[in-house]
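J.: Mind folding the following:
(chains A and B)
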Protein chains: 2
Amino acid sequence: MVFIGAGNLATNLAKTLYKKGFSIQQVYSRTEESAKALADLVESTFTTSLEEVTNNASLYIVSLTDDALLQLLPNITKGKENALIVHTAGSISIDIWNGYAQRFGVLYPMQTFSKKRETSFQDIPFFIESNSPEDTELLKKIASILSDKVYYATSQQRCSLHLAAVFTCNFTNHMYALAAELLEKNNLPFDVMIPLIDETAAKVHLLPPCNAQTGPAARNDEEVMRKHLKMLSDDPATQNIYKLLSDSIISKKK
Amino acid sequence: MVFIGAGNLATNLAKTLYKKGFSIQQVYSRTEESAKALADLVESTFTTSLEEVTNNASLYIVSLTDDALLQLLPNITKGKENALIVHTAGSISIDIWNGYAQRFGVLYPMQTFSKKRETSFQDIPFFIESNSPEDTELLKKIASILSDKVYYATSQQRCSLHLAAVFTCNFTNHMYALAAELLEKNNLPFDVMIPLIDETAAKVHLLPPCNAQTGPAARNDEEVMRKHLKMLSDDPATQNIYKLLSDSIISKKK
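T.: Predicted coordinates for the structure are as follows:
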């Protein structure tokens, strides 16, 4: 097994596969720093040159930015006609492999990964896809060793899942970040927000999010919204976000 | 103790005070349905007329929308010169009571409340303020029976906290709601998002939100962002939210 890419997702996935007993032969990354860091963690060799990536592995897990993957596609696949090559991207169709590889697929763990934070894979939904029933079965076996939640998803379904994940994870985290910035400006600690963050997440385990909504926009409290917009007048971009999201909450309630 | 208002916050606060042994004499709400529902839960009488609210209580907890509070201020305070009157609003200054009451303050529990979901108060930060050291002490005592986290905050600090809370809670929940809508359109269940929601919340217990950020905007993956914007072309309002939030993530990284 070879990892092409050594970013947040690749690092967490490779470490977990390594711990589960898989042998990782080689790690490729554009930068030596990243390639070496991951290789050291999983006892593998590393390279920063795609030409030096071995052609003898049976599985290649490609975990690059979408831009890099599309650009490097011919170099990644060259000489690996007998291997199974998969990418881990939410928004890239399985069809990109067509004409470049014979056995190909997707292994998409839907989670937010940071190199510095160890992630438990047990609960992470994995969405798999491949161009043959045998390789789908193989990917299912590998994913099932990591997680209890392995699903088959078409490329179109995976795209929708990824888009929804950007909202639930990245945009949600950005709401936390904007709050942290506001609090810092007023010398207040971000920590006081933690119970609220946890309760907001816990609520949607039980209620559909539209039913869980509270706050000034949900109760159309114009007085509060006016005040908040005024408080944000020194930061027009964040003010605009406040306005747009409040409008969206109000419009979805109707 | 009398509750003026029987909304989400009032319901959760009154129920918890009742369980902790406080006696609730009366509940006022504009609608009989809400007034009676809360009164039944806390074994109190109820009224839908502010003139019928007793003047004999020692503490009035006023929990209305900000618009209603400001409008009803003279009627709420009339004849209650000896009592302590507090509101529970994040964004209303303590100064609104000036000229209307002699003993007044604020008791602001920073949390999202829904009538149908019982909320544990133990971890909820309470922010208190009053116009005398004695009443500050009294509010601190009451709040400390409910929660381990009781802080003094000025009206200005409370406003900043409330604005930050709108981002971390209401806007975050709206991100969940937009994701749920996207998934529904594609016949995918919202449940698959729960591990991602939990991990996103759990991460900021340990990392500052700006360091926890991942996803297409954080890694400036233009290919993915273009694709996502195209997928949202049938919903220009949500498309605009995607664009604005991605731009904001990118700009805050610089």
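J.: switch to C-alpha atoms for all contacts and neighbour counts from now on
T.: Noted.
J.: now stretch A:58-77: how far from the chain's centre is it?
T.: 16 Å (Cα atoms, centre = their mean, to the nearest Å).
J.: actually stretch A:127-138, sorry about that
T.: 21 Å.
J.: Now do the buried residues in it.
T.: A:127-131, A:135-136 (16 or more other Cα atoms under 10 Å in any protein chain shown).
J.: ditto for stretch A:243-250
T.: If you call a residue buried by 16+ other Cα under 10 Å, then stretch A:243-250 has these buried ones: A:243-246, A:248-249.
J.: close to chain B, is it?
T.: Yes: applying Cα under 8 Å from any Cα of the partner chain, one finds stretch A:243-250 in contact with chain B at A:244-246, A:248-249.
J.: tell me the mean pLDDT over that stretch?
T.: What stretch A:243-250 shows for mean pLDDT is 97.
J.: returning to that earlier point: just put the buried residues of stretch A:243-250 in a markdown table and tack on distance to B:A164 and secondary structure.
T.: Converted to a markdown table, the buried residues of stretch A:243-250 look like this (distance: Cα to Cα, whole Å; DSSP: H, G, I helix; E, B strand; the rest coil):
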| residue | distance to B:A164 | secondary structure |
| --- | --- | --- |
| A:K243 | 14 | helix |
| A:L244 | 16 | helix |
| A:L245 | 14 | helix |
| A:S246 | 14 | helix |
| A:S248 | 18 | helix |
| A:I249 | 17 | helix |
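J.: Closest one to A:V27 out of those residues, please.
T.: A:L245 (42.2 Å; Cα to Cα).
J.: Tell me if I'm right that the closest one and B:F171 touch.
T.: Yes: with contacts counted by Cα atoms under 8 Å, A:L245 reaches B:F171, the gap being 6.7 Å.
J.: circling back: quick one: which of the buried residues of stretch A:127-138 sit in helices?
T.: A:135-136 (DSSP state H).
J.: how deep is A:K141 tucked in, by neighbour count?
T.: By other Cα atoms under 10 Å in any protein chain shown, 12 other residues sit near A:K141.
J.: What of A:A37?
T.: Neighbour count of A:A37, defined by other Cα under 10 Å: 14.
J.: One more: A:S147?
T.: Residues near A:S147, counting by other Cα under 10 Å: 16.
J.: Where does pLDDT dip in chain A?
T.: Under the criterion pLDDT under 70, the flagged ranges of chain A are A:254.
J.: what ranges do the strands span in it?
T.: A:2-4, A:26-28, A:45-47, A:59-62, A:84-87, A:103-109, A:126-130, A:150-152 (DSSP state E).
J.: can you pull the contacts of A:R103?
T.: A:81-85, A:130-132, A:135 (Cα atoms under 8 Å, 6 or more residues apart in numbering or on different chains).
J.: Which member of the residues you listed is positioned nearest B:L13?
T.: Nearest member of these to B:L13, counting by Cα to Cα, is A:S130, at 53.5 Å.
J.: where's that closest one relative to A:D67, distance?
T.: According to Cα to Cα, to the nearest Å, A:S130 stands 21 Å off from A:D67.
J.: picking that back up, any chance of CSV for the buried residues of stretch A:127-138, columns distance to B:A237?
T.: Shown next, in CSV, are these (distance: Cα to Cα, whole Å):
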residue, distance to B:A237
A:F127, 29
A:I128, 32
A:E129, 32
A:S130, 35
A:N131, 37
A:D135, 41
A:T136, 38
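J.: for the buried residues of stretch A:127-138, which one is nearest chain B?
T.: A:F127 (10.6 Å; Cα to the nearest Cα).
J.: For that closest one, name its beta-bridge partners.
T.: For A:F127, the beta-bridge partners are A:Y108, A:Y151 (DSSP bridges).
J.: For the stretch 151-254 of chain A, which segments are assigned as helices?
T.: Ranges of helices in the stretch 151-254 of chain A, per DSSP state H, counting those that start in this stretch, are A:155-165, A:172-185, A:194-203, A:209-212, A:222-231, A:236-253.
J.: Output those helices as JSON lines; include the columns distance to A:Q122.
T.: Shown next, in JSON lines, are these (distance: least, Cα to Cα, whole Å):
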{"stretch": "helix A:155-165", "distance to A:Q122": "18"}
{"stretch": "helix A:172-185", "distance to A:Q122": "22"}
{"stretch": "helix A:194-203", "distance to A:Q122": "19"}
{"stretch": "helix A:209-212", "distance to A:Q122": "25"}
{"stretch": "helix A:222-231", "distance to A:Q122": "41"}
{"stretch": "helix A:236-253", "distance to A:Q122": "34"}
